[in-house]
Structures are given as structure tokens and as C-alpha cells.
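In: Predicted model, plus sequence, below.
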Amino acid sequence: EAAVTQSPRNKVTVTGGNVTLSCRQTNSHNYMYWYRQDTGHGLRLIHYSYGAGNLQIGDVPDGYKATRTTQEDFFLLLELASPSQTSLYFCASSEKGAQDTQYFGPGTRLLVL
Amino acid sequence: GNSVTQMQGQVTLSEEEFLFINCTYSTTGYPTLFWYVQYPGEGPQLLLKVTTANNKGSSRGFEATYDKGTTSFHLQKASVQESDSAVYYCAQLSGSFNKLTFGAGTRLAVCP
């Protein structure tokens, strides 16, 4: 079973604050993804990566940066957080792309005041 | 662009009732289609997928048939249990093969 962990599990920040969400997967999957989950919108892709140093833009990238430092680690950065970024964030990984099973982490709940 | 529509925001059933969750997709070509399930407090997990039009996928008693003619991929289960209570997401693979487009999700509540 693929293992994807996320930290922190909960985060509160203020408008304009700087936030980094972390994700690690231990199955040497090539692809990693960051989603946000909001009621009425389902899961929306923010950024994804197919290897260390690679970054691809998703469907809702505005206000977010991401960095893939190693095969295992994928970070999501909010440099000037806004209340509209209050959400539940999920990281996922898959071996060869989105056609393969995506394994999701437990999520990080972010509140921007 | 691609889109996935789930019209039912919430479905409430009693145990052993029949489940039907509606999903339609909009795209050109023949995308791979998925159902993911999210149990309370967890991340989503794959329930089933179908890669070929007019084929059926099944898992854990759930079934979904890829109907190219009606662009639908409805999820069904003959007899639900309380443990099936979760949010169900329909998704399609984008043309680039690197992204999934998810529907808004359908929350299923099964009462004992």
C-alpha cells in the first residue's frame, strides 16, 4: 500500500502570511500532485510534478507555488495567504501519471484569518 | 475543456437499498473514467476505473458502466451498508494523460 504523509495536519495563519505545506511519499512514485478540496467544487488540481526539479501548472495555480526537491518530497507554498485559500489540501502520488491509481495523503486543513 | 458533472450533492439511503449516483462527462475522444471514494477523515482512494468505452468496472460490490453514447459513468450498488457512507467522486483523465478532472462529489449517508 502506497504511503503518503502530509504536514502539518492543521494550520492557522493570517492574511498575508507565509505558509508551506509538506508532502512525502515513500513508494518512489514519479508523479506527485497538490489538490484543494472545497464544498461544491470537489478536488481541484493546483500543481503537479513528474520528478525532482519538475513542476507543472494545474487548473487553479494562482496564489500558489510548488517545489519538488526530491523524488519523495513535494511542497506547496502560499507566500501571501488570503482567506480564499482557506481549504482542505491533499497531496497525492502515482507511479506513471494520472492514468494510474493516485494515492492520497490524509490532508492538511488550512484556515486563513 | 473537460468537465465532470455530478448533479446529486447528497444521497440518503437506508441499509440494503439500491444506490445510484449520477455522473456525466464532457470531453472529446474516449477518456479513462474513475470513481474515487473518500471516507470521513481520510483522503480519497480509488474505487474503480474503466479505460474502454462500453465496458463495466466493478469493485467491492459497486459497478459503473462507461456509456459513450450518453457520456455517462453512473455508479451503482445493489445493496448499501452503513459502512458505504462516504463522498464519491467521479473523474476523467485529461487529454494530456497527466491530470484528472473531478466532479463536485456526492455525499452518501446510509442509515442503519
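Out: Nice, I can see it.

In: got the buried residues for the helix or strand hosting A:Thr67?
Out: Taking DSSP states H and E as the criterion, A:Thr67 maps to strand A:65-68. Across strand A:65-68, burial judged by 16 or more other CB atoms under 10 Å in any protein chain shown covers A:Ala66, A:Arg68. C-beta here means a position set from N, CA and C on the backbone, and glycine is covered the same way.

In: right, quick check: it against chain B, any contact?
Out: No - using CB under 8 Å from any CB of the partner chain, no contact is recorded between strand A:65-68 and chain B, whose separation bottoms out at 14.0 Å.

In: and that strand, what does it pack onto?
Out: With contacts taken as 3 or more CB pairs under 8 Å, 6 or more residues apart in numbering or on different chains; DSSP states H and E, strand A:65-68 sits against strand A:42-49, strand A:73-78.

In: what sits up against the longest one?
Out: Same thing as strand A:42-49. A:31-38, A:55-61, A:64-66, A:68, A:74, A:76, A:90, B:6, B:44, B:89, B:91, B:98-100, B:102-105 (CB atoms under 8 Å, 6 or more residues apart in numbering or on different chains).

In: What's the PyMOL line that selects buried ones from the residues you listed?
Out: Command for PyMOL, covering only those of those found buried under the criterion 16+ other CB under 10 Å:
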select buried, (chain A and resi 31+32+33+34+35+36+37+56+58+60+64+66+68+74+76+90) or (chain B and resi 6+44+89+91+98+99+100+102+103+104+105)
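
In: ok and the residue in chain B nearest chain A?
Out: Residue of chain B nearest chain A, by CB to the nearest CB: B:Gly43 (3.0 Å).

In: center of chain A, which residue is that?
Out: By CA atoms, centre = their mean, chain A has its centre lying nearest to A:Trp34, at 2.8 Å.

In: Tell me the secondary structure at that residue.
Out: Under DSSP: H, G, I helix; E, B strand; the rest coil, A:Trp34 falls in the strand class.
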